[in-house]
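Asks: give me a 3D structure for the following:
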Amino acid sequence: MTFNVFRYHSQKAEQSNTPGEDSDMKWIILLTGLLCEAFSKADSYSQGESDNASPWLRKMRLGGPDNNLMPNGKLGIPTPTVDSLLSWDDFVTHVVGRTYMAIYGIYNYEELFDQKAFKFKIRWTLNGTFIHRAGSSWHANEMPAPKCVNYTDGSFRRLDSKTASWRAVTATPFVPAYRTDYLISDNPSKYIIWHICFDPTQNVANKCPVSETQLVVRDRRPNVDVSPADGIPDGDLDLTNTDWAAIDRTSRLSIGEGLVNTDALGWEWYWKGPECPIP
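Replies: Sure thing, here's the model as predicted:
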């Protein structure tokens, strides 16, 4: 299809004796070719073929009621493109050693863990070339009774030298062997979209069917980063100066999800239940 369009417009350009028309025709040829490529790859994508499209084409597919629908009928969150990710330098400067709280989450990992983790708190640290994380969350449906759960296991190795993304080094109860983490933000000192794909080998059309995504905001309550006596800082969660428009925009451009839930998988309020001390 693309070659026929090119041939048609090339013939038209050759028939034109006006320099301005020749210039305009070249632009028409270029734009028509790009559109044909986009539609062709979009059709391949809808059929479930291997997706090697450019980040630009992948971003064009984000959003809409089928944002999470995979060609095989499962649901999955789109994997963010490299240019969407937080840089490694910004991660080290603004995030490492500081505490963040999950206020929204997207739950899509039922086959691994049968309940959601509310009021998740996380702190990332570095040990040489490895990334470690310490966290806690409230498990309302834990048996025989609800309780706080701590996360101190797991070691991660960077995927590349430029982005805040990493993969598990060894498997643990909460860290499957293929788990891959991605951090996304245009203002990491205030918020991060933290996307976890638990098994990228199951991805279809660059969508992860076993995943967890959390919107975490910086905990700025007094003494939060210096381990108060009971592990829980005083004061309530304050979101007064949160830039919701920026968060919504970043979420749409990276994973295709706006803060208002419009499809099968979407953001859900996660800051509920008792608060747990961070280990």
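Asks: what bits of the protein have low per-residue confidence?
Replies: Across the chain, the ranges flagged by pLDDT under 70 are 1-60, 227-229.
Asks: all helices for it, in order.
Replies: Assigned by DSSP state H, the helices in the chain fall at 2-15, 19-46, 55-60, 88-94, 244-255.
Asks: name the residues of the last one that are buried.
Replies: If you call a residue buried by 16 or more other Cβ atoms under 10 Å, then helix 244-255 has these buried ones: Ile247, Thr250, Ser251, Arg252, Leu253, Ser254, Ile255. Backbone N, C-alpha and C define where each C-beta goes, glycine included.
Asks: ok, the second one to Pro274 distance?
Replies: Translated: Thr250. For Thr250, the distance to Pro274 equals 30 Å [Cβ to Cβ, to the nearest Å].
Asks: and if you look at the first one?
Replies: Distance of Ile247 to Pro274, given as Cβ to Cβ: 25 Å.
Asks: then the third one?
Replies: Look at Ser251 and Pro274: by Cβ to Cβ, they are 27 Å apart.
Asks: swap in the fifth one?
Replies: Taken as Cβ to Cβ, the spacing of Leu253 relative to Pro274 amounts to 34 Å.
Asks: okay, and the beta partners of the most centrally placed residue in the chain?
Replies: Taking Cα atoms, centre = their mean as the criterion, His195 is the residue nearest the geometric centre of the chain, at 4.1 Å. Note on His195: beta-bridge partners by DSSP bridges are Tyr182, Thr213.
Asks: residues contacting it?
Replies: Going by Cβ atoms under 8 Å, 6 or more residues apart in numbering, His195 touches Ile77, Thr79, Pro80, Asp181, Tyr182, Leu183, Ile184, Ser211, Glu212, Thr213, Ser254, Ile255.
Asks: out of those residues, which comes closest to Leu86?
Replies: Nearest to Leu86, judged by Cβ to Cβ, of the contacts of His195 is Leu183 at 4.4 Å.
Asks: so what's that closest one closest to, chain neighbours aside?
Replies: Among residues not flanking Leu183 along the chain, Ala164 sits closest, at 3.9 Å (Cβ to Cβ, 6 or more residues apart in numbering).
Asks: wait, the one you found touches His94, no?
Replies: No - checked against Cβ atoms under 8 Å, the pair Ala164 and His94 is beyond contact range at 10.1 Å.
Asks: who has more neighbours out of those two?
Replies: Ala164 (27 against 16; other Cβ atoms under 10 Å).
Asks: what about the more buried one, distance to Tyr100?
Replies: Counting by Cβ to Cβ - Ala164 and Tyr100 are separated by 13 Å.
Asks: ok, Val82 next?
Replies: 22 Å.
Asks: same question, Asp160
Replies: Asp160 sits at a distance of 22 Å from Tyr100 (criterion: Cβ to Cβ).
Asks: so between those two, which is more surrounded?
Replies: Tyr100 (25 against 11).
Asks: is that one bridged to anything, and to what?
Replies: Beta-bridge partners, per DSSP bridges, of Tyr100: Ile122, Arg218.
Asks: you'd agree it is up against Val224?
Replies: No - counting by Cβ under 8 Å, Tyr100 stays clear of Val224, with 9.9 Å between them.
Asks: ok, now which ones touch the residue nearest to Leu183?
Replies: Ala164 makes contacts with Leu85, Leu86, Ser87, Trp88, Asp90, Phe91, Val95, Tyr182, Leu183, as judged by Cβ under 8 Å, 6+ apart.
Asks: what residues sit buried inside stretch 111-125?
Replies: Lys116, Ala117, Phe118, Lys119, Phe120, Lys121, Ile122, Arg123, Trp124.
Asks: how far out from the middle of the chain is it?
Replies: 15 Å (Cα atoms, centre = their mean, to the nearest Å).
Asks: I appreciate the help and will end here.
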